[in-house]
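In: Model the following, please.
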Amino acid sequence: AAARDALKAALEEVRGHAEWSVHLFQGATTVEPEEPKATSGRDYLERRKREGERRDEARNRRDSLAGEAYEALSKQATRSRLNSPQDPALSGREEPMLLNSAHLVPRGEESAFFAVAEETNAYIAAEGDLFLEVEEDRCVGGDEAVFGGGKTIRESMLQGTRTAADAGARLTPSRASVLA
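Out: Numbers count the residues shown, from 1 in each chain. Presented below is the predicted three-dimensional model:
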C-alpha cells in the first residue's frame, strides 16, 4: 500500500510536465599562439607553468559557466537533476560534454524555459566556444523495449527505435539545438 501511494504521488508530480535534457558542449578550442622557445631551463619551466595556469583558468571558467547554465535553467523547472557528463561514445558527439542535466518543465511554461536556454546559450557562447543543446524525452509508457527477465530499457538508454531525423531537429540561431 505504501509503495502504491508513493507511485501515485510520483505520477501526480510529473502530470502535466515534459522532461527536457540539456547538454553543454565545448566546441573547438582556440589555439593560443606559441610562446618563443625557451633559452634556458628556467624559461622552459616558467612557460610550462603559465600554460598550466591558463588551462586551469579555462577549465574553471567552463565549469563555472556550466554551473550558471544549470542554475538558470533549474529556476524554470519544477525539478532538475544534474547527471554526469556522457562519454563521447555515448553522446555520439566528438565535442566534450560539460553539462548533462534533466529538467521537468510544466507544459505551457516551456516557452519561458526555451527563452532562458537561448539567453544562457548566447551568454556562454560569448564567453567561449560553448553551446547548449536541448532535447525532449518523448518516451511514454509502452515505448519500452522488453528484454528477457522482465527488464525494460528505454530510448534514453540508447535502445530507441527512432532516429534523430525522426525527431525533427531544428536549430535556433543561438546554436542551441532543440529536438521536438
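
In: Please name the bridge partners of the residue nearest in space to the middle of the chain.
Out: Computing the C-alpha centroid of the chain and ranking residues by Cα atoms, centre = their mean puts His23 first, at 1.3 Å. Listed by DSSP bridges, the beta-bridge partners for His23 are Asn100, Glu133.

In: Tell me how far it lies from Asp5.
Out: 35 Å (Cβ to Cβ, to the nearest Å). (C-beta placed from N, C-alpha, C; glycine too.)

In: Over to Tyr123?
Out: Taking Cβ to Cβ, one finds Tyr123 at 43 Å from Asp5.

In: Comparing the two, which shows the higher neighbour count?
Out: Remark: of Tyr123 and Asp5, Tyr123 carries more neighbours, 15 against 9, as counted by other Cβ atoms under 10 Å.

In: and that one, what does it touch?
Out: Glu68 (Cβ atoms under 8 Å, 6 or more residues apart in numbering).

In: Pull out the buried residues from the helix or strand in which it is found.
Out: Using DSSP states H and E, Tyr123 sits within helix 110-127. Within helix 110-127, the residues that qualify as buried are 110, 113-114, 116-118, 120-122, 124-125, counting by 16 or more other Cβ atoms under 10 Å.

In: Cool, thanks, talk later.
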